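build me a model from this:
(chains A and B)
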2 protein chains.
Amino acid sequence: MRAAVMYGAGDVRVEDVPDPTLLEPTDAILRVRRACICGSDLWGYRAMPAAEDGREMGHEAIGVVEDVGPEVTKIKRGDLVVLPFAYCDGSCVLCEEGLDSSCLHGGFFGRFKGGGAQGEGLRVPFADATLFVIPAATDESLIPSLLSLSDVMGTGHYAALSAGVAPGKTVAVIGDGAVGLCAVIAAKRLGAEQIIILGHHQDRTDLARRLGATDVVAARGEEAVEEVRRLAGDLGPHCVLECVGHTDSITTAIEIVRRGGAIGRAGIPQAQEIPDRQATFWKNITLAGGPTPIHTCIPELLPDILEGRIEPGLVFDRQLGLEQTPDGYRAMNEREALKVIVQP
Amino acid sequence: MRAAVMYGAGDVRVEDVPDPTLLEPTDAILRVRRACICGSDLWGYRAMPAAEDGREMGHEAIGVVEDVGPEVTKIKRGDLVVLPFAYCDGSCVLCEEGLDSSCLHGGFFGRFKGGGAQGEGLRVPFADATLFVIPAATDESLIPSLLSLSDVMGTGHYAALSAGVAPGKTVAVIGDGAVGLCAVIAAKRLGAEQIIILGHHQDRTDLARRLGATDVVAARGEEAVEEVRRLAGDLGPHCVLECVGHTDSITTAIEIVRRGGAIGRAGIPQAQEIPDRQATFWKNITLAGGPTPIHTCIPELLPDILEGRIEPGLVFDRQLGLEQTPDGYRAMNEREALKVIVQP
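Model (predicted):
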């Protein structure tokens, strides 16, 4: 089959790879209908050392189940499903505690041979616990929003939960990428009173307003901090959703968050340390979040998509054929596209 | 009146200072019956640059109200009261949110002239909101435990709340100082199933066992991490109460805490950064805590002391007269004493 393989920074190729096969009795094989490129894929696209043995990319997909192993009992051939970015056994102690992204036997798609979603198909471990069936009659127009459940909508939602977003809270979202925009949707959905997005791309912050942001801060650094205080009051917002991962954005989060407030981390950290431990202590800030327990988030969000209450699919602004995947990476890396759908 | 004044590292003197007076109509004057020396006082004792103008020390006391300003309505002359380590107005938005330690008009005792508790008396701002009356007939034997409410018992309790201690949780407490020991009491009180204390002083860890610790880890560094895993299972404890403040102890906390677990910070941070941002993210750790909102903690803990269910006064192992306060600092700094009561 054809699949996108990354060989190093800036080097993504679509090529022939072995067809995925059932290796374990709990596996399923998924035929991909739509996949997409993630902001986190770009970290590799910018920095991966050249490798002879490439990495099959992609961890977000909507697809149809093509085959199942003998121990798969719930998922059936022909099911239309959401593929979450991680697989899990659904039965270990961490899954039972609701932290399926740390499943003792789990892992991430796009990290093993035959397990990349940016291709015609992939192998899905623990299919019964991992996949979410969506009604076969689902309107085609909902597919992008359902695809966002694979990662970005769940991740924005988890950032909001981690930061304690609730009715009446003031919220700042740092970052206007797909996760930041989904965090805006999540904050609105959870009842936030004020949602300030910090971002520099007007097309994206315009979309943020459409999705529920009440205010936009386009400034950077100290100027951004002052602007947030002007908007949210001197004490700052109760909840900050950090959707970038750079030290600068964590620093801004610590500066703007209200005393006693919370920072929900969605951005993959790009540095080793958390700055300003003094401020986090003296301001009594809670720092929370990490890889989204996506399997606990999807059931909460899925009905809202199927019933049209939220439309996170709006974060996709381009659709390419699978063969054009490398151009999708380029476009996202150059910020020409916000988030790209790949259609095999 | 006589009071303990710190002039620099290792230099605490008991000397004559002006009597405290009512400056604001909401003030009270407290005559101190018992004060004590705090682990946090030792940071100054070790590092304060020499100063001509000394600092009146102390932020923990039980005392009798000697005078009140015209706008004080609840607190009356003659009341026996607990002095929390901080004062607050009880009415600002942060007090209403339960974060009285960040009160917009509040502050810390031992940080302003006439406001040190290690003396014969002190001025108490916002007396109605700040002080807690205890029954005049309270048995003398309860005084040490009530005195612990000024800071250490509340601080241990808040660390436990910050780390989400609840029935059935496994808990590790890092540090066998007075706050660590009170954190053990708090964890037991909140229903923890297993309480592991990490500490190097056998007399203190013996006391920890008496107070509710189920296990003791005397090792340091990597050896301590392995020992905790052996005791709590490979995943580690759900909750870690960090009661030291050094980077080493935060590092240990991050290493031992369970994925998806929480670290409650009680120790005043002694470095600028939080180490291992990668691990805090990938392990989905919540970091929480800061200066204890002591006014919200005392009402919850006071009945348990008055009714004998907890006995945090056991952390005091020495009582000195006010004139001997410098020797109390020395003894605590040299770990000859755990926590010292000062009696004017």
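
and the closest residue to chain B within the stretch 101-250 of chain A, how many neighbours?
The nearest approach of the stretch 101-250 of chain A to chain B comes at residue A:102, 4.2 Å away (CB to the nearest CB). From N, CA and C alone the C-beta is placed, and that goes for glycine too. Residue A:102 is flanked by 22 other residues according to other CB atoms under 10 Å in any protein chain shown.

quick one: contacts for it?
Counting by CB atoms under 8 Å, 6 or more residues apart in numbering or on different chains, residue A:102 makes contact with A:94, A:291, A:293, B:259, B:260, B:283, B:284.

for chain A, what lies in contact range of chain B?
For chain A, the contact set with chain B under CB under 8 Å from any CB of the partner chain comprises A:93-94, A:97-99, A:101-102, A:162, A:235, A:250, A:259-260, A:265, A:268-269, A:271-278, A:280-291, A:293.

same thing but at 6 Å, please
Neighbours of chain B within chain A, by CB under 6 Å from any CB of the partner chain: A:99, A:102, A:259-260, A:265, A:269, A:273-275, A:277-278, A:281, A:284, A:286-288, A:290.

which secondary element of chain A has the worst mean pLDDT?
Here the helix or strand of chain A ranked lowest by mean pLDDT, DSSP states H and E is helix A:277-282, holding a mean of 85.

tell me where the stretch 201-344 of chain A has strands.
In the stretch 201-344 of chain A, the strands defined using DSSP state E, counting those that start in this stretch lie at A:215-217, A:239-242, A:262-265, A:286-288, A:318-321, A:340-343.

how close does the residue most central in space within chain A sit to residue A:251?
Closest to where the C-alpha atoms of chain A average out (CA atoms, centre = their mean) is residue A:152, at 2.5 Å. Going from residue A:152 to residue A:251 by CB to CB, to the nearest Å gives 24 Å.

what count of nearby residues applies to residue A:7?
For residue A:7, the count of nearby residues is 17 (other CB under 10 Å).

I'd say it and residue A:54 touch.
Yes - at 4.5 Å, residue A:7 counts as touching residue A:54 under the criterion of CB atoms under 6 Å.

point out where chain A drops to low pLDDT.
A:272 (pLDDT under 70).

and it, what are its domain boundaries?
Domain assignment for chain A by automatic domain parsing gives A:2-150+A:293-343, A:152-288.

what distance separates the start and the end of the shortest one?
As for domain A:152-288, its first-to-last residue distance stands at 17 Å under the measure CA to CA, to the nearest Å.

tell me where the stretch 51-200 of chain A has helices.
With DSSP state H, counting those that start in this stretch, the ranges of helices along the stretch 51-200 of chain A come out as A:93-96, A:127-130, A:143-148, A:152-162, A:178-189.

distance to residue A:304 added to these, as JSON lines?
Formatted as JSON lines, these follow (distance: least, CB to CB, whole Å):
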{"stretch": "helix A:93-96", "distance to residue A:304": "23"}
{"stretch": "helix A:127-130", "distance to residue A:304": "21"}
{"stretch": "helix A:143-148", "distance to residue A:304": "9"}
{"stretch": "helix A:152-162", "distance to residue A:304": "9"}
{"stretch": "helix A:178-189", "distance to residue A:304": "7"}
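
out of those helices, the one nearest residue A:75 is which?
Closest to residue A:75 of the helices of the stretch 51-200 of chain A, according to CB to CB: helix A:127-130, at 4.7 Å.

got the contact list for that closest one?
Outside helix A:127-130, the residues within contact range by CB atoms under 6 Å, 6 or more residues apart in numbering or on different chains are A:28, A:72, A:74, A:75, A:87, A:88, A:89, A:90, A:124.

I'd assumed residue A:101 was in contact with residue A:291.
Yes - using CB under 6 Å, residue A:291 is in contact with residue A:101, at 4.1 Å.

which of these two has more residues huddled nearby?
residue A:101 (27 against 21).

wait, what's in contact with that one?
Residues counted as contacts of residue A:101 (CB under 6 Å, 6+ apart) are A:86, A:291, A:292, A:293.

most neighbours among these, which one?
residue A:292 (28 neighbours).

measure it to residue A:221 for me?
Residue A:292 is 28 Å from residue A:221, by CB to CB.

likewise residue A:75?
On the measure of CB to CB, residue A:75 and residue A:221 end up 49 Å apart.

mind checking which of those two has more residues around it?
residue A:75 (22 against 11).

can you get me a residue count around the residue nearest to the more buried one when sequence neighbours are not counted?
Counting by CB to CB, 6 or more residues apart in numbering or on different chains, residue A:127 is the residue found nearest to residue A:75 once chain neighbours are left out, at 4.7 Å. As a burial measure, residue A:127 scores 28 neighbours (other CB under 10 Å).

tell me the spacing between residue A:127 and residue B:94.
Counting by CB to CB, the gap from residue A:127 to residue B:94 is 50 Å.
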